[in-house]
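Trainee: I would like to see how this sequence folds:
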Amino acid sequence: MSTARPLVVRNEQDAWTLIERWMSGEEIGEVEFEGWPVLKIELRGGDYKSSLNSGQMAALVEFKMTIGRTYSAVAHGAYDMRRLREDEEEQLEFSTEVRPGSSIMDTDLTPLVQALGAVMTANPGTSLIAGVLIGLAFVAKPIILKHNENRAKQMDVEERKRLMDLSLNRAEQGQNQLFERATKRLEKHHPQFAQALPDAREAFWRLASASVNADSMRVAGIEFAQEDLQILSERRRRRPTDVSEITQVFRVAGIKKSGAAYRVQLESKTLVITANYRRPQFSDAGLKRLVNCMATDTRIQATLEVRTVDKSQLVGRLLRFTVGTNA
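Mentor: As a prediction, this is how the structure comes out:
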């Protein structure tokens, strides 16, 4: 009696091949990860001698939070790290090594995919794929370039033109399309996974913002010059967008502090969106009610201002809500 050898993922191409096989309908069995995914970032500049600033360390914490929430979404059905047990949090620890020669960071994310691959769910193959997809979201050149392209859509014309010089080639466009198809398929099993990708993008821009004093930053083989970092880090006037108000019944799936505001993760029967909750609508009493609704799984009827950038990117703001509406 012969036993099939486990698949081994050693690099990004192996990861893409695994996604292709899953999309073709192949049942994915045992998989081993050797040295992938590892996020490699090199910062150059007079202030970078084997060290990181507080903003860059905070961005790495955002990476960890996204990983933890993704695990929780797959294992516990909620995009919320508070659902994790202590032993699960330990499994998701990863290390960052800062080496000499400017500041060269190697962040080993293999614990993520290994932990997700071990999650026992009704669809064990999808938990593994969730790990591979979030790994690609952090370390794959096509996906990081797509993050960059989405960011460019929000910029003024001249700034957008510079950032779009870093656009995807044809092969990378194909990989990004494969990523999007696989993500949509995965979301049928784990709808909360939809929030992981915006969080991954935000972690990258936080890293770029914190690195603005560097002469350059190289990540996943992509070179960002200082001017690129300045554009990415600054809050610019957005392009004209379609703005509308919607009112739906939502479940409060998560609340996260973001500066002086809060990001509220909302789920309805037709929409999963993160809405900013800030002044003048924000109040301490309102925040307390939202937290209570999240804790008790009480639905709310909320009105959101939703902006659509280039018919693709939804940006929400919580305007008002009432508690206790039946879903």
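
Trainee: Centre of the chain to the lengthiest helix in the chain, how far?
Mentor: Longest helix in the chain, counting residues (DSSP state H): helix 54-76. Helix 54-76 has its C-alpha centroid displaced from the chain centroid by 9 Å (C-alpha atoms, centre = their mean, to the nearest Å).

Trainee: tell me what it is packed against?
Mentor: Other helices and strands packing on helix 54-76, by 3 or more C-beta pairs under 8 Å, 6 or more residues apart in numbering; DSSP states H and E, are helix 86-91, helix 110-117, helix 124-139, helix 196-210. Backbone N, C-alpha and C define where each C-beta goes, glycine included.

Trainee: Among those, which comes closest to L186?
Mentor: For the helices and strands packed on helix 54-76, the distance to L186 is smallest for helix 124-139, at 5.8 Å, taking C-beta to C-beta.

Trainee: I'd like the next helix or strand past the closest one.
Mentor: Later in the chain than helix 124-139, the nearest helix or strand by DSSP states H and E is helix 141-152.

Trainee: any low-confidence regions in the stretch 1-150 of the chain?
Mentor: 1-6, 100-102, 120-124, 150 (pLDDT under 70).

Trainee: And for the stretch 201-327 of the chain?
Mentor: Applying pLDDT under 70 to the stretch 201-327 of the chain picks out residues 233-242, 259, 308-314, 325-327.

Trainee: for N292, what are its contacts?
Mentor: For N292, the contact set (C-beta atoms under 8 Å, 6 or more residues apart in numbering) comprises T298.

Trainee: Surely it is in a helix?
Mentor: Yes - according to DSSP: H, G, I helix; E, B strand; the rest coil, N292 belongs to a helix.

Trainee: now it: how far from Q13?
Mentor: Separation of N292 from Q13 (C-beta to C-beta, to the nearest Å): 48 Å.

Trainee: do A194 as well
Mentor: From A194 to Q13 the distance is 26 Å (C-beta to C-beta).

Trainee: the more surrounded of these two?
Mentor: Shown here are A194 and Q13; by other C-beta atoms under 10 Å, A194 has more neighbours (20 against 11).
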